[in-house]
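Chemist: starting from these lines, generate the structure:
(2 chains)
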Amino acid sequence: MEDKTHISKTHFQDAEEFNIGKQAAYVSMKGVGHKYDLHPDTPMVVQDIDLDIHRHEFVAVVGPSGCGKSTLLRMVAGLLIPSHGDVSVFNLPVTEPRDDVGIVFQKANLLPWLTVRKNVLFPLKHKYGRYSASDEKRANELLDMAGLTQFADKMPDELSGGMQQRVGIIRALLLNPDILLMDEPFSALDALTREQIGFDLLDIWKEHPKTVLFITHSITEAVLLADRILVMSKRPGTVLDLIDVDLPRPRSQKTINSSRFAELTDLIRGYIYEPNTPA
Amino acid sequence: MNQTRPLKLWIQHQANRFAPALFFVGLVMLWELICQLSDVPNYILPSPSAIITAFFNVEFSRWMTHLWATLRVALMGFVLSICIALPLSIGMMRSELMNRVLYPALIVIQSTPVVAVAPLIIVLLGTDDPSRVLITCLITFFPLVVSTTTGMLETPPEMIELSQSLRAPRYRETWQIRIPYAIPHIFSGLRVSITLAIIGAVVAEFVAAEEGLGYFIQFSTSFFKIPQAFAGLIFLSIISLLLFKSIQWSQAWWFPWSLPKKK
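Modeler: Numbering: from 1, shown residues only, chains lettered A, B, ... in the order given. All right, here's what the predicted structure looks like:
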């Protein structure tokens, strides 16, 4: 009895059943804008955002700081209901946090009093108050996938920043979400760790396809990881461009050296650093 | 090359380590010296040796009776104030209304001198333990409420978002996230409170008691047994120090993760 898993069927599996094609819009934003109160003088945080993300697509959002990138993420997560426009997932409007969404935060956001394994299991413990032996098995598999098996019983502060963020990622994968929302997940890491963990994320994504919305302020990171990149303007954040990243997969160090990579990063840089505005 | 010889390093290290103890011993020796060389009478400033003599002149069982009386009141008041402070902080953290209603009341209680209220409480509740426990509780619970509430409100907002994104029940947000995050704050509140608990118990004994270390000091002073009063005072501060330390030890034992990292 106790061995029953709490990991529920996700919308990913529903999508399989209903035969939703890969090109159908899975996460959809239509005319989305937000301000924190409805007073006419309050400025918009984001404005007129239209974005369709296909199933299992990797979409990165870049833009200057304060442009409302994280606001978009919170809307998809159901943590914030936009004051204007509609956000829907799988054709259903997002009105509250969803079970098929996993969030990776900027800081690893681990609980310092729990071991690494218990941190990975925390979403179950927190949502249902318990977890079963098979849940533990799944946590161990995830730890193995992230190369963290030998650290499973350590405390978070015994791990390096990169390892902590790996724990943050597999914790978000525990409930097998179909949508993975990542809010500048690697920005606290050093450059070398950052590159490596980026490639590792692509490996995970290849093996366990997810619809990814990846917020970053690193242009190279966005180009290296994403299928498409949403470039946002300064506040109020609007869509400047939606760029197809036509770089072949799997991507590697060689991708970074290719001329197309340079072209794409230059293109985005042109949007972010407008000629007339001082940095 | 800046090479220091191991012996010199060792001496430096030891001196550094025992500096607080050495300072304390030096201070006591200076005190003794002043008393021996000058002719300050014993009933104004007794010498450390006179205090030690006075300590051993009082029977051990008498010390224990007084110690137990003070400790009992202090600990009961302390535990009672924990039992009141924790639920109160949770309520104030979760309900804006409760916060607005209760906070001014708490400040009024805190800013009223307990020494002035103590006689009234004795009149109200009698001269037994309950009134002394209440006096102790009044003085100890404010720092606990403030530190616990602050700690729970300083939980990283991203942790709360994680909880919301999981649609977890609120009591689990409080129990599994906010309270553990407040542990360092709670313990700093407990450290302040435990020393205040001793103060509270002594204040209560000054007003009405037949036993206890506070009563013992007052009684000794009124009979001009100043060395004996000093002995009681020092005994009291040692107990207070031990209680303070035991709070630190229990934090290190049960919540080692909550301590600041050693370099």
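Chemist: CA atoms of the helix or strand where residue A:144 lies as PDB?
Modeler: Element membership of residue A:144, judged by DSSP states H and E, is helix A:133-145. Output of helix A:133-145 as PDB, limited to C-alpha atoms (Å, rounded to 0.1, in the frame of the first residue of the first chain):
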ATOM      1  CA  ALA A 133       9.800   3.900  -1.100                       C
ATOM      2  CA  SER A 134       9.200   4.100  -4.800                       C
ATOM      3  CA  ASP A 135       9.400   7.900  -4.600                       C
ATOM      4  CA  GLU A 136      12.700   7.500  -2.900                       C
ATOM      5  CA  LYS A 137      13.800   5.200  -5.700                       C
ATOM      6  CA  ARG A 138      12.900   7.900  -8.200                       C
ATOM      7  CA  ALA A 139      14.900  10.500  -6.200                       C
ATOM      8  CA  ASN A 140      17.900   8.200  -6.300                       C
ATOM      9  CA  GLU A 141      17.600   7.800 -10.000                       C
ATOM     10  CA  LEU A 142      17.500  11.500 -10.500                       C
ATOM     11  CA  LEU A 143      20.500  11.900  -8.200                       C
ATOM     12  CA  ASP A 144      22.300   9.300 -10.200                       C
ATOM     13  CA  MET A 145      21.400  11.100 -13.400                       C
END
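Chemist: who are the packing partners of that helix?
Modeler: Applying 3 or more CB pairs under 8 Å, 6 or more residues apart in numbering or on different chains; DSSP states H and E, one finds that helix A:133-145 makes contact with helix A:116-128, helix A:161-173. All C-beta atoms are positioned from the backbone trio N, CA, C, and that covers glycine.
Chemist: need the three-state assignment for the residue nearest to the spatial centre of chain B.
Modeler: By CA atoms, centre = their mean, the mean C-alpha position of chain B lies nearest to residue B:195, the distance being 1.5 Å. Secondary structure, DSSP: H, G, I helix; E, B strand; the rest coil: residue B:195 is helix.
Chemist: between the helix holding residue A:144 and helix A:116-128, how big is the angle?
Modeler: If you take axes from the mean of the first three to the mean of the last three CA atoms, to 10 degrees, helix A:133-145 sits at 140 degrees to helix A:116-128.
Chemist: now for residue B:154, how many residues are close by?
Modeler: For residue B:154, the neighbour count with other CB atoms under 10 Å in any protein chain shown is 13.
Chemist: distance of it from chain A?
Modeler: 14 Å (CB to the nearest CB, to the nearest Å).
Chemist: tell me the phi and psi of that residue?
Modeler: Main-chain dihedrals, residue B:154, degrees, to the nearest 10: phi -90, psi 10.
Chemist: just confirm residue A:87 is within a helix.
Modeler: No: counting by three-state DSSP, residue A:87 is not part of a helix but strand.
Chemist: for chain A, which residues are neighbours of chain B?
Modeler: Neighbours of chain B within chain A, by CB under 8 Å from any CB of the partner chain: A:74, A:77-79, A:96-97, A:99, A:101, A:103, A:105-107, A:109, A:111-113, A:122-123, A:125-127, A:129, A:155, A:157.
Chemist: hang on, the earlier thing: need the helices and strands packed on helix A:133-145 in CSV with mean pLDDT and mean neighbour count, can you?
Modeler: Shown next, in CSV, are the helices and strands packed on helix A:133-145 (pLDDT from 0 to 100; neighbours: other CB atoms under 10 Å in any protein chain shown):
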stretch, mean pLDDT, mean neighbour count
helix A:116-128, 95, 22
helix A:161-173, 93, 23
